[in-house]
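A.B. asks: Quick one: sequence and predicted model below, then my questions.
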Amino acid sequence: MLAALNNIFKITELRQKVIFTLAMFIVFRAGTHIPVPGVNAAMIEQLFTSGNLFGLLDMFSGGALSKFSIFAMSITPYINASIILQLLTVVIPTLERWSKEGEEGRKKITKVTRYSTVVLGFIQAIGMAFGLRAAINNPSVFSYLMIAITLTAGTVFLMWIGEQITAKGIGNGISLIIFAGIVSRLPDGLKVMYQYLQAGTINLFNVAIFAILALLMIAFVVAINQAHRKVPVQYAKRVVGRKMYGGHTSYIPLKVNQAGVIPIIFASSVLMFPVTIGQFVKVPWVQTVAGWFQWGTPLQTSIYIILILFFTYFYTAVSLNIPDMSDNIKKYGGFIPGLRPGKPTTDYLDKIMTRITLAGAIFLAFIAIMPNIIVWVTKIDGVYFGGTALLIVVGVALDTMKQIESLVLMRHYQGFMK
């Protein structure tokens, strides 16, 4: 491992990319400690428990939301804008046409995503300022606008940092910002665990069980994220001028976890919404409904699993266009052995995706409820491990390592991963 790291820093270009990425992380972490003016941050911190929507958003922001800093909204509006545009690509012909235009089309979609991020960010910031008005020192229209503009500017700045990391650093910048935010909460978790040990609430055996379960979960997530079904494709020979093309066998890798972490985020947001509303609306029946959806209750867990299964199939159907895949195979003179091009190929691919998506959905549901199981087995409460955070961290780490691996191998050094 040390030799592999040494290979990285032997390459000037790669060394500069790594240093630039780390420098942007420092800027991001520094910004999480700059408070929004005119707000009582101590009052806001009381809202951040494990059972509300703010707790989920605070995890993505690396604690910036609980401090109500200029990066309180993190990169969430950009993620929302990207997901919305991806879903709209299916129903809006212009976006669908842009998605097929290659680099120029991607530039247009990126431009629309940026503008959408500003609009969504400003709307979200206004909602946050109004919802947290009790913590504003001098509530007024000017105060709301100042807070909304500050939060929106913070999100736009993070979006710019993410794009700079993508262009000049290593990996996907937006994903790495979320990764850095989640990983930055690790010391807090270790601190809580140490306090439990000091108080005698848990013992070293509980900590050992926690560590073993954590390692097993990481290995399981890596295995499923890398898992895919290879569908063989045979390309017929064709002559173009004096050259012959085709005549080889390839395969289509269909991922088991095609939807990624999106289903868990959707399901978590839907289920945490009633609990969050219950914190602001002090009506008896609202409080009763909010109690039903508290994290870890039987009703909440059951609905959580059902929603994850539903959103996994839904997002996979939206993000993976099986008919287009079948048409592209036919267009380039390929066919799946034993099947005719066209509808038989489409039906076959759809059947495969339906089956492996079920496995992916069950995997996501298991990972999502695993934190409850860990708390029950180890008796360590207040240290979140699993679900959304684990999938994001492992997925981003694997993608970044692959990019480093490709850059190292291009320079004829020994690979980063063995």
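C.D. replies: Sure, I can see it.
A.B. asks: so where's the stretch 151-300 of the chain uncertain?
C.D. replies: Residue ranges of the stretch 151-300 of the chain with pLDDT under 70: 237-248, 276, 278-280.
A.B. asks: Would you map the helices across it?
C.D. replies: With helices called from DSSP state H, counting those that start in this stretch, the stretch 151-300 of the chain shows them at 173-183, 186-199, 204-226, 262-280, 284-292, 298-319.
A.B. asks: what's the most buried one of those?
C.D. replies: Mean neighbour count (mean count of other CB atoms under 10 Å) peaks for helix 173-183 among the helices of the stretch 151-300 of the chain, with a mean of 22. (C-beta placed from N, C-alpha, C; glycine too.)
A.B. asks: Which elements pack onto it?
C.D. replies: Contacts defined by 3 or more CB pairs under 8 Å, 6 or more residues apart in numbering; DSSP states H and E place helix 173-183 against helix 12-31, helix 53-60, helix 76-88, helix 141-168, helix 387-410.
A.B. asks: Repeat the analysis, applying 6 Å as the threshold.
C.D. replies: When contacts are defined as 3 or more CB pairs under 6 Å, 6 or more residues apart in numbering; DSSP states H and E, helix 173-183 sits against helix 141-168, helix 387-410.
A.B. asks: the longest helix in the protein is where?
C.D. replies: helix 343-378 (DSSP state H).
A.B. asks: between that helix and helix 387-410, how many degrees?
C.D. replies: If you take axes from the mean of the first three to the mean of the last three CA atoms, to 10 degrees, helix 343-378 sits at 120 degrees to helix 387-410.
A.B. asks: Show me what helix 343-378 is packed up against.
C.D. replies: With contacts taken as 3+ CB pairs under 6 Å, 6+ apart, helix 343-378 sits against helix 204-226, helix 262-280, helix 298-319, helix 322-331, helix 387-410.
A.B. asks: Give me the helices and strands touching the next helix or strand after the shortest one, please.
C.D. replies: Meaning helix 322-331. Following helix 322-331 in sequence order, the next helix or strand is strand 334-335 (DSSP states H and E). Contacts defined by 3+ CB pairs under 6 Å, 6+ apart place strand 334-335 against strand 228-235.
A.B. asks: Just checking: what are the partner strands of the strand it packs on?
C.D. replies: Next to strand 228-235 in the sheet, as set by DSSP bridges, lie strand 249-255 (antiparallel), strand 334-335 (antiparallel).
A.B. asks: So for Thr388, which of the ones you listed sits nearest?
C.D. replies: Nearest to Thr388 among those is strand 249-255; the distance by CB to CB comes to 18.3 Å.
A.B. asks: domains of this structure?
C.D. replies: With domains defined by automatic domain parsing, the chain comprises 1-185+393-418, 201-383.
A.B. asks: Could you dump the ones you listed into TSV and include distance to Val192?
C.D. replies: Output for the domains of the chain, formatted as TSV (distance: least, CB to CB, whole Å):
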stretch	distance to Val192
domain 1-185+393-418	10
domain 201-383	5
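A.B. asks: nearest to Lys191, of these?
C.D. replies: For Lys191, the closest of the domains of the chain is domain 201-383, at 9.5 Å, according to CB to CB.
A.B. asks: Show me how far the closest one is from its chain's centre.
C.D. replies: Centroid separation between domain 201-383 and its chain, computed with CA atoms, centre = their mean, to the nearest Å, is 12 Å.
A.B. asks: got the helices of the stretch 151-300 of the chain as TSV, with distance to Phe335 columns?
C.D. replies: Shown next, in TSV, are those (distance: least, CB to CB, whole Å):
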stretch	distance to Phe335
helix 173-183	36
helix 186-199	49
helix 204-226	27
helix 262-280	32
helix 284-292	53
helix 298-319	24
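A.B. asks: any idea what sits nearest Thr357, other than its immediate chain neighbours?
C.D. replies: Nearest residue to Thr357, sequence neighbours excluded (CB to CB, 6 or more residues apart in numbering): Thr316, at 5.1 Å.
A.B. asks: thinking the one you found is in contact with Asn257, fair?
C.D. replies: No - the pair Thr316 / Asn257 is not scored as a contact, 9.3 Å apart, by CB atoms under 6 Å.
A.B. asks: still on that earlier bit, roughly how far does the residue nearest to Thr357 sit from Ile322?
C.D. replies: Counting by CB to CB, to the nearest Å, the separation of Thr316 from Ile322 is 10 Å.
A.B. asks: For Asn80, give me its contacts.
C.D. replies: Leu120 (CB atoms under 6 Å, 6 or more residues apart in numbering).
A.B. asks: that older thread, now tabulate the strands paired with strand 228-235 in a markdown table and tack on mean neighbour count and distance to Tyr348.
C.D. replies: Compiled in a markdown table, those are given as follows (neighbours: other CB atoms under 10 Å; distance: least, CB to CB, whole Å):
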| stretch | mean neighbour count | distance to Tyr348 |
| --- | --- | --- |
| strand 249-255 | 14 | 11 |
| strand 334-335 | 19 | 11 |
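A.B. asks: Make a markdown table from these and add distance to Asn328 to it.
C.D. replies: Formatted as a markdown table, the strands paired with strand 228-235 follow (distance: least, CB to CB, whole Å):
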| stretch | distance to Asn328 |
| --- | --- |
| strand 249-255 | 10 |
| strand 334-335 | 8 |
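A.B. asks: For Phe179, find the nearest of those strands.
C.D. replies: strand 249-255 (19.9 Å).
A.B. asks: what angle sits between the closest one and helix 204-226?
C.D. replies: Going by the same axes, to 10 degrees, strand 249-255 makes 140 degrees with helix 204-226.
A.B. asks: Quick one: work out the angle between strand 249-255 and helix 322-331.
C.D. replies: Using the same axes, to 10 degrees: strand 249-255 against helix 322-331 is 170 degrees.
A.B. asks: All further residue positions should be reported with the first residue as 698.
C.D. replies: Sure thing, new numbering starts at 698, so read that last one as strand 946-952.
A.B. asks: which other residues reach strand 946-952?
C.D. replies: His925, Arg926, Lys927, Val928, Pro929, Val930, Gln931.
A.B. asks: Dump the residues you listed into a markdown table; add neighbour count as well.
C.D. replies: Formatted as a markdown table, these follow (neighbours: other CB atoms under 10 Å):
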| residue | neighbour count |
| --- | --- |
| His925 | 15 |
| Arg926 | 15 |
| Lys927 | 10 |
| Val928 | 19 |
| Pro929 | 12 |
| Val930 | 17 |
| Gln931 | 17 |
